[in-house]
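Enquirer: Structure for this input, please:
(2 chains)
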Protein chains: 2
Amino acid sequence: MSIGEFAFLERLRALATHPAARGLEDDAAVIGDMVLTHDSIAEGIHYLSDDPPASVGWKLVAVNLSDLAAKGAEPIAALMSVTIGGDGEWEERFLSGVAAACEAYHLPLVGGDTIALPAGSPRVLGLTAIGRGGTNIPSRGGGRPGNRLWLVGVLGDAATGLATLRHDPKAEGPLVEAYRRPVPQLAAGRALATAATAMMDVSDGLLLDLQRMCNASRCGARVDLSALPLSRGFIAERGNSRTSRLSAATGGDDYALLAALPEDFDPAVSLSLPSRTIIAPIGSLVPGSSISLFDEKGEVPIPERLGYEHHRA
Amino acid sequence: MSIGEFAFLERLRALATHPAARGLEDDAAVIGDMVLTHDSIAEGIHYLSDDPPASVGWKLVAVNLSDLAAKGAEPIAALMSVTIGGDGEWEERFLSGVAAACEAYHLPLVGGDTIALPAGSPRVLGLTAIGRGGTNIPSRGGGRPGNRLWLVGVLGDAATGLATLRHDPKAEGPLVEAYRRPVPQLAAGRALATAATAMMDVSDGLLLDLQRMCNASRCGARVDLSALPLSRGFIAERGNSRTSRLSAATGGDDYALLAALPEDFDPAVSLSLPSRTIIAPIGSLVPGSSISLFDEKGEVPIPERLGYEHHRA
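Expert: Down below sits the predicted model:
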């Protein structure tokens, strides 16, 4: 992050003093029972310029729904902002992906804006998603030492898919799909929100996002690297070593959910989660402010890079 | 508008079938009593690249609040999406304008997104504004033949200011201010919404926006060109001829309000409008589908260009 960006974000935080803003440090803003989020994605930063346009459309919707999932909110509506240049063919295919995701998650597209930019300008695609929260809308900051950490979804698939695409833009398969078509964990999020002391989505790498939860909750965490849920596809590609597990913990683009729950609460028993939900206890919040890792062989040094910074406000 | 853009907007409309979307043909989406709008502005399209950054920030907030004003909504919160490139100095000054507008209109900034783009990319600045509507949230489509048309604000100042700036980027004065710092008519909008059969903001030129209201309301309109409210500054610059009045009616960037009200209803008498509100009856809705103009000398031919198309969805 440049000094300019850093200063800008500091100024922005100083401006966003309303409690609903949650210090701009949550996945979403909360006003009454309304949950609001806006994420933009840009060509070359959040997606590859030769990604299929339909998958870019899907992703724009899915990453915003993932923020709603992290607050246990039911999607109500979305507004989309799209820059458009060239002959419109890319945009038409992009829109088919937006439509598919909106249909899959019952999200009405109710408004927005289209701007014609000079051809060659990087596309900027934004979506505001509005949802309705339940009786408890967990923030990132409610976690307490002793809480168990639970992860919904698998880690590392998307980052592996992206790495594969960087070598071979024509690559296909489930890991590439995980990168291109993330699945927001809406139903699991709604169930977990009823009991979670803190919750967020894992989009920039588990360790980086967990550090944010720890900072907001003023505690540390201890994570069992061997407990991280990995897919068979990931293990086939990367193996199951400590190194590969560390890459899964720092890769980003997972759109998994991370929830802190009371120690004695087992969500797999006490909540009605969708039948195919992958959920695993991966560690605990602890006193202090730092994250420690261990596996069956003992302590694991914390990697230098915890995840991928998208420079979100 | 290119064929590509046109096709894209058609596809977008086909996708936005939820009643809250109002066919993407209103200033805002309406869900229950929530009013939602998202407008983006881009460098070189909605503002000049040498406009003062603080005025760009003000404008981004004001144009979205103008959409809320058109629905009679009280601002609740905003989410902002900003691209950032370079050293951050522009952005810091931009943010001071955002802050000034948010403070002036009691609009809490509660979230959003920041994307670092390569230096030199055109800036894209977006805001989602959320408001709460009153007992009546007028659409563009409720107008009926016989309704009087009322205009809040003055016309032509901003377009004249823009033309002045194009000749002399260092120009100053109230017309330049009108272009750079539009004032959303929030209080007048709230009062008018209680009685309006149709309402919208005038941002792309009175005649173009009125044509949209006519299309949505399935009627025509007859406008008294000599009744259009002009400022002393505008008249000093452009004069008060039929030609100058036509330029005021087609200029754009006014952020005035246009309301259709029952024929016998006089808002200046029946509503408590802010004391300095400029409001004038400018004509009526009539049967048919087209707009006709007249002034004290008789019928006025409709100009070829009704306003300025920003290509909004």
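Enquirer: ok, A:Gly111 - contacts?
Expert: Contacts for A:Gly111 were tallied using C-beta atoms under 8 Å, 6 or more residues apart in numbering or on different chains; they are A:79-80, B:16, B:21, B:24, B:28-29, B:36-38, B:313. Bear in mind the C-beta positions are built from the backbone N, C-alpha and C, glycine included.
Enquirer: which one is the residue positioned nearest the centre of chain A nearest to, not counting chain neighbours?
Expert: With distances taken as C-alpha atoms, centre = their mean, A:Ser203 lies nearest the centre of chain A, 3.0 Å away. Nearest residue to A:Ser203, sequence neighbours excluded (C-beta to C-beta, 6 or more residues apart in numbering or on different chains): A:Tyr255, at 5.8 Å.
Enquirer: Now do the helices in the stretch 1-150 of chain A.
Expert: A:3-15, A:53-70, A:89-104 (DSSP state H, counting those that start in this stretch).
Enquirer: Can you name every helix or strand that the shortest one contacts?
Expert: This means helix A:3-15. Judged by 3 or more C-beta pairs under 8 Å, 6 or more residues apart in numbering or on different chains; DSSP states H and E, helix A:3-15 is in contact with strand B:74-84, helix B:89-104, strand B:109-116.
Enquirer: switch the cut-off to 6 Å
Expert: helix B:89-104 (3 or more C-beta pairs under 6 Å, 6 or more residues apart in numbering or on different chains; DSSP states H and E).
Enquirer: now do the last one
Expert: In terms of contact count using 3+ C-beta pairs under 6 Å, 6+ apart, helix A:89-104 is assigned the packing partners helix A:53-70, helix B:3-15.
Enquirer: what's the model's confidence in that helix, averaged?
Expert: Mean pLDDT, helix A:89-104: 94.
Enquirer: buried residues in that helix?
Expert: Buried positions in helix A:89-104, judged by neighbour count with 16 or more other C-beta atoms under 10 Å in any protein chain shown: A:90-92, A:94-95, A:97-102.
Enquirer: Show me the contact partners of that helix.
Expert: Identification of contacts with helix A:89-104 by C-beta atoms under 6 Å, 6 or more residues apart in numbering or on different chains yields A:53-58, A:61-62, A:84, A:109, B:8, B:11, B:15.
Enquirer: Go again with 7 Å.
Expert: Identification of contacts with helix A:89-104 by C-beta atoms under 7 Å, 6 or more residues apart in numbering or on different chains yields A:53-58, A:60-62, A:80, A:82, A:84, A:109, B:4, B:7-8, B:11-12, B:15.
Enquirer: Same question for the shortest one.
Expert: If you take C-beta under 7 Å, 6+ apart as the criterion, helix A:3-15 is touched by A:23-24, A:311, A:313, B:84, B:86-88, B:91-92, B:95, B:99, B:109, B:114, B:116.
Enquirer: what angle separates that helix from strand B:109-116?
Expert: Using axes from the mean of the first three to the mean of the last three C-alpha atoms, to 10 degrees, the inter-axis angle of helix A:3-15 relative to strand B:109-116 is 170 degrees.
Enquirer: how big is the angle separating helix A:3-15 from helix B:89-104?
Expert: Orientation check (the same axes, to 10 degrees): helix A:3-15 against helix B:89-104 gives 10 degrees.
Enquirer: Out of the contacts of helix A:89-104, which end up buried?
Expert: A:53-58, A:60-62, A:80, A:82, A:84, A:109, B:4, B:7-8, B:11-12, B:15.
Enquirer: What pLDDT is listed against A:Pro184?
Expert: 97.
Enquirer: Stretch A:265-278 spans what distance, first to last residue?
Expert: Using C-alpha to C-alpha, to the nearest Å, the end-to-end distance of stretch A:265-278 comes out at 17 Å.
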